[in-house]
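> Got a predicted model here, sequence first, then my questions.
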Amino acid sequence: NAGVMQNPRHLVRRRGQEARLRCSPMKGHSHVYWYRQLPEEGLKFMVYLQKENIIDESGMPKERFSAEFPKEGPSILRIQQVVRGDSAAYFCASSISRVPSYEQYFGPGTRLTVT
Amino acid sequence: SQQGEEDPQALSIQEGENATMNCSYKTSINNLQWYRQNSGRGLVHLILIRSNEREKHSGRLRVTLDTSKKSSSLLITASRAADTASYFCATDEGRQLTFGSGTQLTVLP
């Protein structure tokens, strides 16, 4: 049973370009969460999605960031017109349920560097 | 302090010693989880303790939870060099996990 997969593992973009980060949850998991980790800091929640629905995007910046989790395929975190401050590690997690006692399983992360 | 704030920020110990990390939080929680993150890697789930539990063990790990003080501690016994990592507590506030800024543990051989 493969774990949560993210690709790419490393992504370098120039300012103004778009970044697309992909996350495939664990088999059987229909809940996906995106977190951002700035250097020397803990993870900060961005968005929580179920298939075809955004449930909670309270941690998402209002502009340039969007997320989707289509019926088929991976979840995508999209950052338009990237700026240097977007440089961070972006982690995806999945869970089998939203019941609080269930664990979120994390992917290895995508490290975005904006030059 | 922030929800899920760890203390100390950094800790260096000798191999074989015990390491204790603390976490404080502000709001009511359903559960509290501890994660480990090796440098440049993803998070590894260590242990989950529910709000109605006071102590939990897993191998060399011991976690306590005091809901009256809104605090938790993670004890790693007989530490090894491979335990060197950042350790984060995370509280479940119903829709999301809120992470602290972590404790960087260094175990010296």
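Great, that's in hand.

> What parts of chain A come near chain B?
Within chain A, the positions near chain B by C-beta under 8 Å from any C-beta of the partner chain are A:33, A:35, A:40-45, A:48, A:55-56, A:58-59, A:91, A:93, A:98, A:100-101, A:103-109, A:111. (C-beta placed from N, C-alpha, C; glycine too.)

> Buried subset of the residues you listed as a PyMOL selection?
Filtering these down to the buried ones (16 or more other C-beta atoms under 10 Å in any protein chain shown) takes a single PyMOL command:
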select buried, chain A and resi 33+35+42+43+45+48+59+91+93+100+103+104+105+106+107+108+109+111
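
> Can you give me the neighbour number for residue A:68?
For residue A:68, the count of nearby residues is 16 (other C-beta atoms under 10 Å in any protein chain shown).

> Identify the residue spatially nearest to it, adjacent ones excluded.
Closest residue to residue A:68 apart from its sequence neighbours, by C-beta to C-beta, 6 or more residues apart in numbering or on different chains: residue A:76 at 5.3 Å.

> Just the buried positions in the strand or helix carrying that neighbour, please.
Secondary structure assignment for residue A:76, by DSSP states H and E: strand A:75-79. Across strand A:75-79, burial judged by 16+ other C-beta under 10 Å covers A:75-77, A:79.

> Please list the outside residues in contact with it.
A:18-25, A:32, A:34, A:46-47, A:49, A:64-69, A:86, A:90, A:92, A:112 (C-beta atoms under 8 Å, 6 or more residues apart in numbering or on different chains).

> Restricted to strands, list the residues you listed.
Among these, DSSP state E puts A:19-24, A:32, A:34, A:46-47, A:49, A:65-68, A:90, A:92, A:112 in strands.
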